[in-house]
Structure formats: structure tokens, C-alpha cells
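> Any chance you can model this:
(one chain, ligands or ions: 2)
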Amino acid sequence: MSLKLGVIGAGAIGKEHIRRCTQVLQGASVVAVSDINLDNARAAVNASGLQAEVYANGQDVINAPDVDALIITSWDPTHEAFALAAIEAGKPVFCEKPLAMTAEGCRRVVDAEMKAGRRLVQVGFMRPYDEGYQALKSVIDSGEIGSPLMLHCAHRNPEVGDNYTTDMAITSTLIHELDVLRWLLNDDYRSVQVRFPRATSHTHAQLKDPQIVMLETRKGILIDVEIFVNCRYGYDIQCEVVGEEGIARLPEPSSVQTRQTAKLSTTILTDWKDRFIKAYDVELQAFIRDVQAGELRGPSAWDGYAASVAADACLKAQESGAQEPINMPERPAFYLR
Ligand SMILES: NC(=O)c1ccc[n+]([C@@H]2O[C@H](COP(=O)([O-])OP(=O)(O)OC[C@H]3O[C@@H](n4cnc5c(N)ncnc54)[C@H](O)[C@@H]3O)[C@@H](O)[C@H]2O)c1
Ligand SMILES: O[C@H]1[C@H](O)[C@@H](O)[C@H](O)[C@@H](O)[C@H]1O
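Ligands and ions are numbered 1, 2, ... in the order given. Next comes the predicted model:
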């Protein structure tokens, strides 16, 4: 039977998820859409040729009797309340990252879910579903490059809007690395320091860009992540793992190489929508399948919480310039998969 989905937030990724649930994935249909900007909700419904009901209020989507499960794609600070409301209604929810703005907020979601007694939340961390990261993890796990010692990573966006501020480089951008690197290394973080090099002239007063985040894991692996959200040239995600026997790199997205006018070139993608298009398809298909099977298995509220525990320390480190500890609580048995 087709799973009836309600979507809250019909902006860039909301529209994308509605499109994929409607045109690409199996087993679900979008029956309700809400956005505080009703025009966005109507436009998303029309663009996908849906018969869905449009609501002004997200809570009405959660309460709608014909909605079986939720997709939350509204702005970051709204996620926690909608996730809690979905749990309260007993409806499974796919919540885009970050699960909440602080670890404390994520913990409230974790506690509500544990109280409900079953997993109801999947967080939109799509990178563990990306074929490139999966291939990189297989190489690390095979032992081919020996024990990982260091990671050099970069998360570069071509540009961001004027309302994007220094803290968002952590809560909205680095949060992907904070999740995927724990998974990649099967490790957790111990401390972090953040440094700011000379700022690009393409930024504004409220955004220090770029920044370098240096994390240390419990196993002693040192990770540097460059976050550069006005890099201009493209959307570029890099991850190089230095092991004691060799090096493994995240593969580049495939693209045709051309030789022309004395130049050898390949195109660099410019948009997250294209860079992770397959990973988004796979993560949402998994959510739909797992809801139908009665057991969620994707990135959990605990993963959302763990990433936010590290993010909180990164925010503190942005302010202090010092090395800040990351105190990750042990994963409760409820979340052992
Ligand atoms: N996983 C990823 O790679 C990825 C990619 C993009 C965005 N995101 C996340 O998805 C969310 C949306 O990002 P976006 O780029 O689509 O932003 P956006 O600004 O394009 O869209 C957000 C939409 O939510 C609506 N909205 C805001 N508050 C609302 C509320 N209370 N109720 C209903 N609608 C509300 C806005 O009007 C807007 O239409 C963000 O949390 C972002 O971090 C994740
Ligand atoms: O919301 C987006 C999204 O999560 C992208 O994957 C990330 O690269 C951007 O920095 C962020 O602003």
C-alpha cells in the first residue's frame, strides 16, 4: 500500500524531495504540503502535478488523518518542534539536517522517541548513502591502507545567501562531515579547534569565510575540514584518508573529460542537488521502505544528537579559538543497530 506523505517546507530541497517521491521513488505519494509561504507550497504541488492538499500550518499536516509519515524540509530552527510533534502524533518522520539547533534540542527528540518506545525519526544525513563514501568506507574497512591516521576534508559551496552566518558553517554545513566521518571511521570525536584564515572578499560582516575545523577522534585520528561557502568555482566535497600503508580519496563525481583548444578539462558540479542526487534518492527510498516494514534503520535521532554534540563544541571553539573538548555520551541500547 502506498505511504501517504506530508511535507513541511517547500523550498529548494522540499521541492526536490516532493519531485523524487512523486516521480522517482516507489511506494509513496505526497498528499499534503505546507509552507509559511503558501505560494511555495502551491508551486511545489503544481510543479509535480500533485493532487495534494496545501496547508498554511505545519502542525495541520502532522495532524491530517490521511498523512501516514512526515518529511520536514523547513528552515533549520523549525526542525525540533516539528519532529517532536510528529513523535507525539506517533507518525514516522524524515527530518532534514540538523535535527535541532543544539545538542540539548536533539536530546529532547531522542528522549521523546525513546519514550514512544520505537524509532520514529530518520535524519536527512544522506552522505552514508552516497556510493563514493560507501566505496571509501569499504577501502578503509578492508585494511588496505592500514589504520587511518589523518583526514583532509573540504566542504565548499560556490556561494550562500546574505542570511548565512558564521555559526551556520557549523550547524548547517559542517554537520554533514560531523555525521559522515563518525560513520566512515567508526569512531567519535574527542576535541576540536577552529581557525579563521584571511577572509575572502566575497563574504560579509556576519560570515567569517573560510574556516578550518580541526577535530581529534578518540582513536587519535586528526581531521582537518576546510569550510569555504563562497568558493565561487563550484560545489566541491573532498575527503582524503591518510593511512599507515597508503591513501584513499573520495571519488570525484564522474564527468566527461574533454581535450580542446590546448586544454584538458572536466566539469565541476555547482549544486548540492546534483552532487548527491542519487544519495537523496536512496535515503528517502530507504525511509519509505523501512516505514512500510515497521522498522526505521537509517541515520537516527541519536546520530542527529551526536553530530550536534560535536557541533556545539565547534561553536564554542569558533568563539574561544582554543581546543574544546567533545564529550560524547554513550549510545543508549535503544539505538544499537
Ligand atoms: N541534506 C542536504 O544536503 C540538504 C540540502 C539542502 C537543504 N537541507 C536542509 O533542508 C532545509 C531546507 O533547506 P532549503 O535549502 O530547502 O531552504 P529554503 O529556504 O529553500 O526552503 C525552506 C522552506 O521552508 C519554509 N518554511 C520555513 N519555516 C517554515 C515553517 N515553520 N513551516 C512551514 N514552512 C516553513 C520556507 O518558507 C521555505 O519555503 C534546511 O533545514 C536545510 O538545512 C539539507
Ligand atoms: O543546507 C545546505 C546543504 O546541507 C548542503 O549539503 C551544504 O553543502 C550546504 O552548505 C548547506 O547550506
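
> got the contact list for stretch 33-49?
The list of residues contacting stretch 33-49 from outside it, by Cβ atoms under 8 Å, 6 or more residues apart in numbering, reads 6-11, 14-15, 18-19, 22-23, 30, 50, 52-58, 60-61, 74. Where you see a C-beta, it was placed from the backbone N, CA and C, and this is true even at glycine.

> Just the buried ones among those residues, please.
6-10, 14-15, 18-19, 22, 30, 50, 52-55, 58, 61, 74 (16 or more other Cβ atoms under 10 Å).

> looking at this, K97 is in a strand?
No. Applying DSSP: H, G, I helix; E, B strand; the rest coil, one finds K97 to be coil, outside a strand.

> Please renumber the chain so that the first residue is 2 from this point on.
All right, first residue 2 from here; so that's K98.

> Send me the helix or strand harbouring L137 as CSV with only the CA atoms.
L137 is located in helix 132-143, with elements delineated by DSSP states H and E. The C-alpha trace of helix 132-143 is given here as CSV (Å, rounded to 0.1, in the frame of the first residue of the first chain):
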residue,chain,number,x,y,z
GLU,A,132,28.3,5.4,-3.5
GLY,A,133,31.5,7.4,-3.2
TYR,A,134,31.6,7.5,0.6
GLN,A,135,30.5,3.8,0.7
ALA,A,136,33.4,2.9,-1.6
LEU,A,137,35.8,4.9,0.6
LYS,A,138,34.5,3.1,3.7
SER,A,139,35.0,-0.3,2.1
VAL,A,140,38.6,0.5,1.4
ILE,A,141,39.2,1.7,4.9
ASP,A,142,37.4,-1.3,6.4
SER,A,143,39.4,-3.7,4.2
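
> Now that helix: buried residues?
Neighbour counts over helix 132-143 (16+ other Cβ under 10 Å) mark G133, Y134, L137, K138, V140, I141 as buried.

> And stretch 251-269, by the same measure?
L251, P254.

> Kindly report the same for stretch 21-29.
In stretch 21-29, counting by 16+ other Cβ under 10 Å, buried: R21, C22, T23, L26, A29.

> How about M115: what's its closest non-neighbour residue?
F335 (5.2 Å; Cβ to Cβ, 6 or more residues apart in numbering).

> that's a helix at that neighbour, yeah?
Yes. Counting by three-state DSSP, F335 falls inside a helix.

> Who are the contact partners of it?
F335 makes contact with E114, M115, W303, according to Cβ under 8 Å, 6+ apart.

> Among those residues, which are located in helices?
Counting by DSSP state H, the part of the contacts of F335 found in helices is E114, M115, W303.

> For the residue of the stretch 52-201 of the chain found nearest ligand 2, the count of nearby residues, please.
Closest residue of the stretch 52-201 of the chain to ligand 2, Cβ to the nearest ligand atom: T174 (3.5 Å). Using other Cβ atoms under 10 Å, T174 is surrounded by 21 other residues.

> For it, which residues are in contact?
Taking Cβ under 8 Å, 6+ apart, we find T174 in contact with H156, N158, I228, V230.

> Export those as TSV, with columns for pLDDT, distance to ligand 1 and secondary structure.
Shown next, in TSV, are the contacts of T174 (pLDDT from 0 to 100; distance: Cβ to the nearest ligand atom, whole Å; DSSP: H, G, I helix; E, B strand; the rest coil):
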residue	pLDDT	distance to ligand 1	secondary structure
H156	99	11	strand
N158	98	10	coil
I228	99	14	strand
V230	98	13	coil
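
> can those go into a markdown table with extra columns for neighbour count and distance to Q319?
Below are the contacts of T174 laid out as a markdown table (neighbours: other Cβ atoms under 10 Å; distance: Cβ to Cβ, whole Å):
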| residue | neighbour count | distance to Q319 |
| --- | --- | --- |
| H156 | 23 | 15 |
| N158 | 22 | 18 |
| I228 | 25 | 11 |
| V230 | 22 | 14 |
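
> Among these, find me the one that's closest to W184.
H156 (15.8 Å; Cβ to Cβ).

> Can you tell me which residue is spatially central in the chain?
The centroid of the chain falls nearest to F126 when counting by Cα atoms, centre = their mean (3.6 Å).

> So which of the contacts of T174 reach ligand 2?
Restricting the contacts of T174 to those near ligand 2 by Cβ under 6 Å from any ligand atom leaves N158, V230.

> Rebuild the contacts of T174 as TSV, extending it with distance to A206.
Formatted as TSV, the contacts of T174 follow (distance: Cβ to Cβ, whole Å):
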residue	distance to A206
H156	22
N158	19
I228	18
V230	15
